[in-house]
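In: A structural model of the following input is requested.
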Amino acid sequence: MQDRAIIDSWFPADLFAPAHWEERYTPRELPPGARVTRFAPSPTGSMHLGGLYVATLARDLARRSGGVYLVRIEDTDKDREVAGAAQEFARTFRYFGLEPDEGEQEGRWGPYRQSDRADIYLSYVRELIREQRAYPCFCSPERLEDNAGEQRRSRSPLGYYGKWARCRSLSVREAGQRIAAGEPYTVRLRCPAGLPGRVRFRDLVRGALTMLDNGNDVVVLKSADAEGRRLPTYHLAHVVDDHLMRVNLVVRGEEWISSLPLHHQLHRALGFRTPEYAHVAPLMKLDGSSRRKLSKRKDPESAAGFYEAAGYPAAAVGHYLRGLANSRVAGLPTGPALAEPLRLAEMGAAGPMVDLLKLRSLSREYIASLEPEEALAQLGDWAAGYAPELLAVLRKHPDLALAAFEMARRGNGTPRKDLACWQEFTAAYGFCFPELHEMVDRPDDGRFGGLPGPAVSALAADLTASYRHTGPAQDWFAVLRAVAERHGFAPDVRAHRADPGAYRGSIRDVANVVRVCLTGSRRSPDLFQVAQSLGEEEVLRRLRPLATGAPAGRC
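Out: Sure, this is the predicted structure:
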């Protein structure tokens, strides 16, 4: 009883007992087989593509089962926390359509930020100490480094155990005296005595696993920080949170497999039911002839923000990530791919290869499948965050903006597939807008295919004088054909084959002059569609700079 009073003096007097939290966070009322999953990023940096991959899996498994998907911010590592990272996570979730059912904004099993749950963890740490399953440790960093040096020299496993667990045998009274004297301390889990045996687990991705049990007295509560807060380590915090939030399936990266024995040990020590685990292989990249993990340091495409900033549609990225998880999904159109359930049993132990070219192909197919109005809406949403100048132009010229996507249907309605992300819109369709189009005013511009400058100027002058804007398309092209004939151009390239010496160009060369003037490129959507969308006044405005000073007569 005296020991308990000493232990309780180490904690706030008004600290609740675990029973209080068990009553507050009651089991969820869900249908049989429902999964409660979580994605728990740490705000120590930007979101990785692998994070989106795990979140996609966790969300789908919960939603398909009639369960709950939640997002919890694991911010107990204050020394490494990056300001604004948690806010960036929320924006990323919105962009990629991975908003949780519960998170910082709502949900009665919160708060969903670990730094706001400090008292909850203290309740369980106090209980562990009361039951002699944990104890205070006063070893300084220097003492721990000395231990590690001895272990290396003796070729012993690194850790806090055996003769190196110097504080394990301290009495409660002695520990209390040192704490009362202001000596800093951590709290360590008291792992079972004796040599660790082998334990078996079942992983929902990898099947049966046999591992060495944890034999190390790990830290579960850190020493007080500069603000006097006592925060837990990840190991304790996620076990308590998963229990109280009633998470029954943990989907996480395979780097946590080595911690599985410890986490099971913690569940047993706290009297919790252990959730099921699914450890997912990391995303990989081909580097020369070898495979390696997708790296935050080396690979810009490893960051979720890379895809957001470039404007890859969320649906296309979601389709791609789902295909990495279950290969049967990869070959489906985007709509069916997003509707198809994901299955852990179909995931491999080897990490899937990230192929940006494959994503771009899927994204082109997806954008080409959108109706013009939907494509314009998605472009506008992206531009609002990443291209304000483009957004202003789209709002100023809504008809031209819609016409750009109607052009993308080609003249016959077959979609063009020239956009893999919204960032590419300006290069492909910026010519539609006077503010984004760069006038072509040099007759010797290489885009004219080698036609002499005087010939280009003469053609532009004739086109400006004889231009007829009205359709149908065959009548409009007849004007270009007449200009070609007046300047001695052959009807088509077959004339070149008949008499190479007499060949001076074809109707295609004349059309190319118009195309370059109107679009700035030798390749474009249907030229008649382009001209009709721009309007007669704008077509003539773009031809006139080349017509100035054109020589009289034919080329």
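In: Let me know the next secondary structure element after the lowest-mean-pLDDT helix or strand in the chain.
Out: Counting by mean pLDDT, DSSP states H and E, the chain has its least confident helix or strand at helix 494-498, which shows a mean of 44. Counting by DSSP states H and E, the next helix or strand C-terminal to helix 494-498 is helix 507-519.
In: What is that following helix packed up against?
Out: Applying 3 or more Cβ pairs under 8 Å, 6 or more residues apart in numbering; DSSP states H and E, we find helix 507-519 packed against helix 453-466, helix 473-486, helix 527-534, helix 536-547. All C-beta atoms are positioned from the backbone trio N, CA, C, and that covers glycine.
In: got those helices as a markdown table, with mean pLDDT columns?
Out: Shown next, in a markdown table, are these (pLDDT from 0 to 100):
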| stretch | mean pLDDT |
| --- | --- |
| helix 453-466 | 90 |
| helix 473-486 | 89 |
| helix 527-534 | 91 |
| helix 536-547 | 92 |
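In: Out of those, which is closest to Ala316?
Out: Among the helices and strands packed on helix 507-519, the nearest to Ala316 by Cβ to Cβ is helix 527-534 (25.6 Å).
In: Show me what that closest one is in contact with.
Out: With contacts defined as Cβ atoms under 8 Å, 6 or more residues apart in numbering, helix 527-534 is touched by 400, 403-404, 406-407, 410-411, 431-432, 469, 471, 473, 476-477, 511, 514-515, 518-519, 524, 539, 542.
In: gap between the two ends of stretch 201-210?
Out: With Cα to Cα, to the nearest Å applied, stretch 201-210 spans 6 Å between its terminal residues.
In: Would you mark the buried spots in that stretch?
Out: Phe201, Asp203, Leu204, Val205, Arg206 (16 or more other Cβ atoms under 10 Å).
In: Distance-wise, check Ala408 relative to Lys296.
Out: 35 Å (Cβ to Cβ, to the nearest Å).
In: Also Ala482?
Out: 61 Å.
In: Widest-spaced pair of the buried residues of stretch 201-210?
Out: Longest span within the buried residues of stretch 201-210, Cβ to Cβ: Phe201 and Val205, 11.9 Å.
In: what about the strands in the stretch 251-400 of the chain?
Out: 276-280, 284-287, 290-293 (DSSP state E, counting those that start in this stretch).
In: Nearest to Cys191, out of those strands?
Out: strand 276-280 (19.8 Å).
In: Would you mark the buried spots in the closest one?
Out: Tyr277, Ala278, His279, Val280.
In: Next: stretch 8-18.
Out: Trp10, Pro18.
In: contacts for it?
Out: So stretch 8-18 is contacted by Asp119, Leu122, Ser123, Tyr124, Arg126, Glu127, Ile129, Pro136, Gly176, Ile179 (Cβ under 8 Å, 6+ apart).
In: Give me the mean pLDDT for the helix or strand hosting the third one.
Out: By that I understand Ser123. Using DSSP H and E, Ser123 sits within helix 118-130. Averaged over helix 118-130, pLDDT sits at 98.
In: same thing with stretch 3-21?
Out: 96.
In: Now Leu390: closest residue in space, sequence neighbours ignored.
Out: Distance criterion Cβ to Cβ, 6 or more residues apart in numbering; nearest residue to Leu390, sequence neighbours excluded, is Ala383 at 4.7 Å.
In: For Leu370, give its distance to Phe405.
Out: Leu370 is 8 Å from Phe405, where distance means Cβ to Cβ.
In: Comparing these two, which residue is more hemmed in?
Out: Phe405 (23 against 20; other Cβ atoms under 10 Å).
In: Do a quick rundown of the helices in the stretch 1-150 of the chain.
Out: With DSSP state H, counting those that start in this stretch as the criterion, the stretch 1-150 of the chain has helices at 2-8, 18-24, 49-64, 85-95, 118-130, 141-153.
In: For the last one, what is the distance to the chain centroid?
Out: It refers to helix 141-153. Averaged C-alpha coordinates place helix 141-153 at 40 Å from its chain's average position (Cα atoms, centre = their mean, to the nearest Å).
In: any idea of the pLDDT on the residue positioned nearest the centre of the chain?
Out: Residue closest to the mean C-alpha point of the chain, counted by Cα atoms, centre = their mean, is Ala304 at 2.9 Å. pLDDT recorded at Ala304 is 95.
In: so who does it touch?
Out: Ser46, Met47, His48, Leu49, Gly51, Leu52, Thr92, Phe96.
In: Among those, which one has the most neighbours?
Out: Ranking those using other Cβ under 10 Å puts Leu52 first, with 24 neighbours.
In: Verify the contact between that one and Ala314 for me.
Out: No - counting by Cβ atoms under 8 Å, Leu52 sits too far from Ala314 to count as a contact (9.9 Å).
In: what residues do those two have in common as contacts?
Out: Phe96.
In: Buried residues, stretch 125-134. List them.
Out: Val125, Arg126, Glu127, Leu128, Ile129, Arg133, Ala134.
In: possible to save those as a markdown table with distance to Arg343?
Out: Output for those, formatted as a markdown table (distance: Cβ to Cβ, whole Å):
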| residue | distance to Arg343 |
| --- | --- |
| Val125 | 38 |
| Arg126 | 42 |
| Glu127 | 39 |
| Leu128 | 38 |
| Ile129 | 43 |
| Arg133 | 38 |
| Ala134 | 39 |
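In: In the protein, where is pLDDT below threshold?
Out: 1, 410-414, 490-505, 549-555 (pLDDT under 70).
In: switch the cut-off to 50
Out: For the chain, the stretches with pLDDT under 50 are 493-498, 500-503, 550-555.
In: what about the helices in the stretch 151-300 of the chain?
Out: Going by DSSP H, counting those that start in this stretch, the stretch 151-300 of the chain shows helices at 172-180, 234-244, 260-270.
In: Give me the angle between the first one and helix 118-130.
Out: Helix 172-180 and helix 118-130 are oriented at 150 degrees to each other (axes from the mean of the first three to the mean of the last three Cα atoms, to 10 degrees).
In: re earlier: using JSON lines, please lay out the buried residues of stretch 201-210 together with distance to Leu260.
Out: Shown next, in JSON lines, are these (distance: Cβ to Cβ, whole Å):
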{"residue": "Phe201", "distance to Leu260": "6"}
{"residue": "Asp203", "distance to Leu260": "8"}
{"residue": "Leu204", "distance to Leu260": "12"}
{"residue": "Val205", "distance to Leu260": "13"}
{"residue": "Arg206", "distance to Leu260": "11"}
